[in-house]
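>>> can't give you the sequence, but here's the structure:
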């Protein structure tokens, strides 16, 4: 009997399937849809967790999968790093470098995913949106750099046609919907075929997992309580972010925003966490 390929995933909520669940609270995600399309024996392991940052992936999640000697490892991380206090591209790069180095030295193929631009689908004040875009660009700069270094399969999310179509996003507008996860699986399948993996076409379910009624129920059950719980911090955080960005603009004497550049000034203690739903276990 042919030995099965072991496919493992480490990372955050974008890896664990938030946004793609059934009525019983079971999460699926792009990894699940991709696995179903493999037409060769496969063992699947997903140890990702909503809220995880690069440090957790490196020191806690990765050892759990390397003991199984996987041939293919998806590393989906960076969103939580850039949303938190003390965000440092340097620290993120150190953690991701060590993670990918260990995976490649084990003989496995790495899969990476760029962050999308949340400002395309989440309304934000101008100055907060600037901070968010700069942080996303910093994370993606590191991700692309290391993808080249370690010959990783990189899904360049922001260049995908139709990526910001509403049906591809969960009601929180931060996580993919069922259709969004299937879309990501479809794109990864294409890239994996180019590396010699035998994968069929991803079947796109004609029914998404959130209708208008379900979306309203989710907002009442999860979104509104979250906002009320965070409202004490929200306005001060936004104010500090805006002031910080004005200082940054004045220091650089320009309001121009290069699309994809590395911002070493994030290593300075000047930023405040952007309040988001990323670490909430919601469906």
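Cool, the structure landed. Computed from a prediction, not measured in an experiment: that's the story for all the values here.
>>> which residues of the chain score low on pLDDT?
Scanning the chain for pLDDT under 70 picks out the ranges 1, 209-246, 248-249, 253-283.
>>> Whichever strand or helix holds residue 186: how far from the chain's middle?
Per DSSP states H and E: residue 186 is located in helix 178-194. A distance of 14 Å separates the centroid of the chain from that of helix 178-194, by CA atoms, centre = their mean, to the nearest Å.
>>> ranges for the helices of this structure?
Remark: helices assigned in the chain by DSSP state H are 13-16, 29-37, 54-56, 62-66, 79-82, 89-105, 126-149, 178-194, 212-218, 224-252.
>>> right, and the ones you listed - which one's nearest residue 115?
Closest to residue 115 of those, according to CB to CB: helix 126-149, at 4.9 Å. Quick note: C-beta positions are derived from backbone N, CA and C, even for glycine.
>>> got the buried residues for the closest one?
127-144, 146-147 (16 or more other CB atoms under 10 Å).
>>> Look up how far residue 205 lies from the nearest residue to residue 180 once chain neighbours are set aside.
Leaving aside its chain neighbours, residue 180 sits nearest to residue 168 (3.7 Å; criterion: CB to CB, 6 or more residues apart in numbering). Counting by CB to CB, to the nearest Å, the gap from residue 168 to residue 205 is 13 Å.
>>> Give the intersection of the neighbour lists for these two.
Common neighbours of residue 168 and residue 205, counting by CB atoms under 8 Å, 6 or more residues apart in numbering, are residue 179.
>>> Look at residue 97 and say how many residues are nearby.
Residue 97: 17 surrounding residues under other CB atoms under 10 Å.
>>> between the helices of the chain, which gets nearest to residue 163?
Taking CB to CB, helix 178-194 is the member of those nearest to residue 163, at 7.7 Å.
>>> longest strand of the chain?
The residue-count maximum for a strand in the chain (DSSP state E) belongs to strand 5-11.
>>> So what touches that strand?
With CB under 8 Å, 6+ apart, strand 5-11 has contacts from 15, 31, 35, 38, 40-48, 52, 57, 61-62, 65, 68-77, 99, 197.
>>> That strand versus helix 29-37: what angle between them?
In terms of direction (axes from the mean of the first three to the mean of the last three CA atoms, to 10 degrees), strand 5-11 departs from helix 29-37 by 170 degrees.
>>> which neighbours does strand 5-11 have in its sheet, and in what orientation?
Here strand 5-11 has these sheet partners by DSSP bridges: strand 42-46 (parallel), strand 72-76 (parallel).
>>> From the chain's centre, how far out is the last one? Work that out for me.
For strand 72-76, the separation from the chain centroid amounts to 12 Å (computed by CA atoms, centre = their mean).
>>> quick one: contacts of it?
With CB under 8 Å, 6+ apart as the criterion, strand 72-76 contacts 5-12, 14-15, 31, 48, 57, 65, 96, 99-100, 103, 108-113, 192, 197.
>>> neighbour-wise, which of residue 168 and residue 205 wins?
residue 168 (22 against 12).
>>> And that one, how close does it get to residue 14?
13 Å.
>>> residues shared between the contacts of those two?
residue 176.
>>> tell me the phi and psi of residue 162?
As for residue 162, its main-chain torsions (degrees, to the nearest 10) stand at phi 80, psi 10.
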